[in-house]
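Asks: sequence? don't have it. structure:
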């Protein structure tokens, strides 16, 4: 009886074990199916991602090619656009060189003209000496080599004093300008005075008189400067230094506290030489003084 029960239990347990094993096998199969499905889905998605990545790489390379082409096109366009500008810069530089060369040529020409004028003056003086020998010693007159000490302003003369032997208008004026440019103003002042003493009727006499006034102005001798600039305007009217002399006269008057007279000089300069740099400087001085030119028409002429 016991044996029968044991057999029945064994059979029941075996049946139960078989059923459990069957369920486990089915569960394992389901898991394998799901894993396979997930693997397939993952493979599909990875394949799609790989395709998209390849497409993006292709698009990137295409975009890079487009950008490179665009950069080349832009660079070529800029180069072509800048070519006329570069050519213009070259032309401007060349024109600047031409202008500098022209200025140097004009300066040389002006120097040559001044030397020619001085040589002509020397010839005239030699002719005068031949025609009118110098007076005998003891007669009144200006001693050779002595300038007229009247604050740098020589009085009008009908004829020039006889220069000392070896002295020439060209050398005297050239030496005076060299000393003035080198800062030897005392020596230049004396040389300009000597030039006016012996060569008062030359074209460069107005320049010598002007530079005497300029030296006095720079020294702060404003009253003497006014007299020197007045001499330029009175003895040598309508010469290249007239406008400069009137401007400097106004500046000397202004420095000496004579504002009203200075303003009159500035306005006279503007009226007489309206299209010059000196006129513009005079107008600026009037403005700095809180004044204006005499008329609106004068202001329009100056500022054209």
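Replies: Yep, that arrived. What you see is a predicted model; the values in this text were computed from it and never measured. Numbering: from 1, shown residues only.
Asks: with adjacent residues omitted, what lies nearest to residue 248?
Replies: Once flanking residues are discounted, residue 248 sits nearest to residue 229: 5.4 Å by C-beta to C-beta, 6 or more residues apart in numbering. In this view, the C-beta of every residue, glycine as well, is placed from N, C-alpha and C.
Asks: list the buried residues in the one helix or strand the one you found maps to.
Replies: Taking DSSP states H and E as the criterion, residue 229 maps to helix 222-235. Residues of helix 222-235 classed as buried by neighbour count (16 or more other C-beta atoms under 10 Å): 222, 224-233, 235.
Asks: before we move on, the earlier item: for residue 253, see how far away the residue nearest to residue 248 is.
Replies: 9 Å (C-beta to C-beta, to the nearest Å).
Asks: got it, and residue 93?
Replies: Residue 93 sits 45 Å away from residue 253, taking C-beta to C-beta as the criterion.
Asks: between these two, which one's more packed in?
Replies: Remark: of residue 93 and residue 253, residue 253 carries more neighbours, 23 against 10, as counted by other C-beta atoms under 10 Å.
Asks: pretty sure that one contacts residue 266?
Replies: No - using C-beta atoms under 8 Å, residue 253 makes no contact with residue 266, being 9.3 Å away.
Asks: give me the number of residues near residue 268?
Replies: As a burial measure, residue 268 scores 16 neighbours (other C-beta under 10 Å).
Asks: now it: closest residue in space, sequence neighbours ignored.
Replies: Per C-beta to C-beta, 6+ apart, closest to residue 268 is residue 246, 6.5 Å.
Asks: can you pull the contacts of that neighbour?
Replies: Residues counted as contacts of residue 246 (C-beta atoms under 8 Å, 6 or more residues apart in numbering) are 229, 233, 265, 268-269, 272-273, 278.
Asks: go through those and say which is closest to residue 21.
Replies: Distance to residue 21, by C-beta to C-beta, is smallest for residue 278 among the contacts of residue 246, at 124.6 Å.
Asks: quick one: classify the closest one as helix, strand or coil.
Replies: Secondary structure, DSSP: H, G, I helix; E, B strand; the rest coil: residue 278 is helix.
Asks: neighbours around it, how many?
Replies: Neighbour number of residue 278 under other C-beta under 10 Å is 20.
Asks: tell me the spacing between it and residue 272.
Replies: 10 Å.
Asks: find the residues that touch each one of those two.
Replies: Common neighbours of residue 278 and residue 272 (C-beta under 8 Å, 6+ apart) are 243, 246.
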